[in-house]
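Asker: Below is the sequence, then the predicted model.
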Amino acid sequence: MAVIFKIWQVAAIYMGAIIGAGFASGQELIRFFVVFGQKGIMGIILAGGMFALLGAAVVIFVKKEGINTYRKLIIMLFGEKIGLWMELLISLMLWIGLAVMLAGSGAVFTEYWGINMNWGIGLTLAVVAIALLYKGTGVKIVNSLLVPFLMIIALYISIYTIWTTDSVSVQGLAHPDYGSVGDNWLVASIIYVAYNMILGIVILTSLNWDEEDNAGYVGALLGGVLLGGLGTIKVMALLTYFPAVLKYQVPMLFLAEQQAEWIKLLFVGALWSAMVTTAVANGYGLIKRLETVNYLNYHRALILILLIALPLAKFKFSQLIGVFYPIFGYIGLVVVSMIFIKMISCYFRN
């Protein structure tokens, strides 16, 4: 029973890192999959498979090489000189990602609950700080509690939508300008995985792995499979209202509004929870890096990252995503490609 729970914890942490505001809201799913119709369903299934295999491969690799921070992994992949710059870029990504989730939480409180954004940012900051105060244990608890809630609400809304509507749209790319990567569903799937795997890699390398414990890679496999399954059902649900869903900033909220007010409220809570889990993953990865710096222990690093993230959190959520996330995608593609090449070379060398 303890092993099963540990596997679930790893799966929940991995999923929590990847299920950010974009996935939870449905916005990313529309841009990378829904616009391709039936091929988009194939794309999200493929993405889930890649998340599962890459996650498991990363755990096996870092356990074998004794890696416990993403800095060590990046230096191993790119060497000292290039690795230093790549590591700085990833650290910047983590900081911006934390700020984006804080900004998003402020937007959720303002737009859906009518509460001043500063209160939303402050509450989220407090929850993230408390979780990170307990280090890896806090990360595990937050994800173990919030990820099931996220999954249940998303599954209910999606299955209800599919069940109560006539058919799923299978038309092709009706709005090519709305897609993020042109008109190729396969390329979209690959870039989506690369774009999201950076944080997945950071959190998987930041956890302490027992060499004899197989729960790590099994949990990563399970997390990838669950991500793919949940994503597939959500894509099918969004396709039932395609192309109408293209005009909504939070497409899953539109689906929830077709059902009941209490479902809408639960979904908004789930959306906020997704921001919390992603913020915790960003923060934990960044702290694990900063605590290796002279004069910075874990708790000093925690205070520092929260303080420097606050100013950026004041910017508009949609603007932050529009400016920074495409850049993250290209960096992610490079890093994930290098990890794949390195693991293949290590396999044949041994």
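Answerer: Ah, there it is.

Asker: residues contacting Leu73?
Answerer: Leu73 is in contact with Val62, Ile67, Ile201, Thr205, Ile339, counting by C-beta atoms under 8 Å, 6 or more residues apart in numbering. Quick note: C-beta positions are derived from backbone N, CA and C, even for glycine.

Asker: try 6 Å
Answerer: Ile67, Thr205 (C-beta atoms under 6 Å, 6 or more residues apart in numbering).

Asker: Look up phi and psi at it.
Answerer: Main-chain dihedrals, Leu73, degrees, to the nearest 10: phi -60, psi -50.

Asker: ditto for Glu291
Answerer: Torsion angles, degrees, to the nearest 10, at Glu291: phi -70, psi -10.

Asker: shouldn't it be in contact with Tyr298?
Answerer: Yes. With contact defined as C-beta atoms under 6 Å, Glu291 reaches Tyr298; the gap is 4.9 Å.

Asker: what sits in contact with each of those two?
Answerer: Common contacts of Glu291 and Tyr298 (C-beta under 6 Å, 6+ apart): none found.

Asker: Pull up the gap between Leu253 and Gln259, please.
Answerer: 11 Å (C-beta to C-beta, to the nearest Å).

Asker: Correction: the previous question concerned Gln38.
Answerer: Distance from Gln38 to Gln259, by C-beta to C-beta: 25 Å.

Asker: just to revisit the earlier point, of Leu253 and Gln259, who's got more company?
Answerer: Leu253 (19 against 15; other C-beta atoms under 10 Å).

Asker: ok, and the closest non-adjacent residue to that one?
Answerer: Of all residues not flanking Leu253 in the chain, Phe267 sits nearest, at 6.0 Å (C-beta to C-beta, 6 or more residues apart in numbering).

Asker: Hmm, the one you found is touching Glu257, no?
Answerer: No. Counting by C-beta under 6 Å, Phe267 does not reach Glu257; the two are 8.9 Å apart.

Asker: Next, the buried residues of whichever helix or strand Gly136 is part of.
Answerer: In this assignment (DSSP states H and E), Gly136 forms part of helix 135-164. Buried residues in helix 135-164, counting neighbours by 16 or more other C-beta atoms under 10 Å, are found at 138-144, 146-147, 150-151, 153-154, 156-158, 160-162.

Asker: do stretch 229-243 as well
Answerer: 230-243.

Asker: show me where pLDDT drops low in the chain?
Answerer: Counting by pLDDT under 70, the low-confidence segments of the chain come to 1, 166-182, 208-213, 294, 315-329, 342-350.

Asker: how much space between the residue nearest to Leu253 and Leu307?
Answerer: Phe267 is 32 Å from Leu307, by C-beta to C-beta.

Asker: who's more crowded, these two?
Answerer: Neighbours were counted for Phe267 and for Leu307 using other C-beta under 10 Å; Phe267 has more, 25 against 10.

Asker: for the helix or strand harbouring that one, packing partners?
Answerer: Using DSSP H and E, Phe267 sits in helix 261-290. Packing contacts for helix 261-290, counted by 3 or more C-beta pairs under 6 Å, 6 or more residues apart in numbering; DSSP states H and E, involve helix 21-25, helix 80-113, helix 117-133, helix 135-164, helix 185-206, helix 251-257, helix 298-313.

Asker: nearest to Asn214, of those?
Answerer: helix 185-206 (14.5 Å; C-beta to C-beta).

Asker: C-terminal to that closest one, which secondary structure element comes first?
Answerer: Next along from helix 185-206, by DSSP H and E: helix 215-239.

Asker: Show me the contact partners of that following helix.
Answerer: 3, 6-7, 10-11, 14-15, 26, 29, 33-34, 40-41, 44-45, 48, 51-52, 55-56, 59-60, 158, 161-162, 168-169, 209, 245, 251.

Asker: Among those, name the ones in helices.
Answerer: Under the assignment DSSP state H, the contacts of helix 215-239 contribute 3, 6-7, 10-11, 14-15, 29, 40-41, 44-45, 48, 51-52, 55-56, 59-60, 158, 161-162, 251 to helices.

Asker: Pull out the buried members of these.
Answerer: By 16+ other C-beta under 10 Å, these give 6-7, 10-11, 14-15, 29, 40-41, 44-45, 48, 51-52, 55-56, 59-60, 158, 161-162, 251 as buried.

Asker: Identify whichever of the helices and strands packed on helix 261-290 lies nearest to Met275.
Answerer: Met275 sits nearest to helix 80-113 of all the helices and strands packed on helix 261-290, at 4.4 Å, using C-beta to C-beta.

Asker: who does the closest one touch, helix- and strand-wise?
Answerer: Using 3+ C-beta pairs under 6 Å, 6+ apart, helix 80-113 is in contact with helix 70-78, helix 117-133, helix 261-290, helix 298-313, helix 317-349.

Asker: Neighbours of Asp183, how many?
Answerer: Asp183 has 12 neighbours, counted by other C-beta under 10 Å.

Asker: does it sit in a helix, a strand or a coil?
Answerer: Classification of Asp183 by DSSP: H, G, I helix; E, B strand; the rest coil places it in coil.
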